[in-house]
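Asks: need a 3D model of the following:
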Amino acid sequence: MVNKPYKRKEYYHYFKTPNLTLVISKFKKKFLVVSQKRVPVNKIIYEFPSGMVELNESLVESAERELIEETGYKNQSKMKLISSFFCEPGRLTTKITGYYSDSLIKLQKPEDEIKIHFLKKAEIFKLIKNKKFIHASHISMFFLFLNKFD
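Replies: So this is what the prediction gives:
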């Protein structure tokens, strides 16, 4: 946590947090989505494969690694950049960068405790409406994807 002097006798508190990547993939006209329990909210939620960018790793390398680790699927072509933005610029330094992949091959089983799903766009909208796809950055990136590629 950083406590930066802000105003006279006041400090601005924020967290230095790692950057993230996210991958929106289509396979046979359906989106590859994962579900897993998220301890802070004590719920199983649906989201796109994503994770932290490791030291000395490029954004694309991070996205490709996270896709394989979480889903067992590997991207076979150059990933396309969707966008990047700060997740919570008032309190966190995290920037998330989204990529799109439409060429997948199955390599291995998904990461333990992660289930994979192939969903139509309407099914993702229904999960959002029913508060099962609740990660704001993932929802935002999905809408940016739809605006740019769909």
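
Asks: which parts of this protein are helices?
Replies: Along the chain, the stretches classed as helices by DSSP state H are 59-71, 121-129, 136-149.

Asks: and Ser84, what's its pLDDT?
Replies: Note on Ser84: pLDDT of 98.

Asks: gap between it and Val34?
Replies: The gap separating Ser84 from Val34 is 21 Å, by Cβ to Cβ, to the nearest Å. Every residue, glycine included, has its C-beta placed from N, CA and C.

Asks: residues contacting Arg91?
Replies: Applying Cβ atoms under 8 Å, 6 or more residues apart in numbering, we find Arg91 in contact with 13-15.

Asks: closest one of the residues you listed to Pro110?
Replies: Pro110 has its nearest neighbour among the contacts of Arg91 in Phe15, at 29.3 Å by Cβ to Cβ.

Asks: hang on, the earlier thing: for the contacts of Arg91, pick the one with the most neighbours.
Replies: Tyr14 (16 neighbours; other Cβ atoms under 10 Å).
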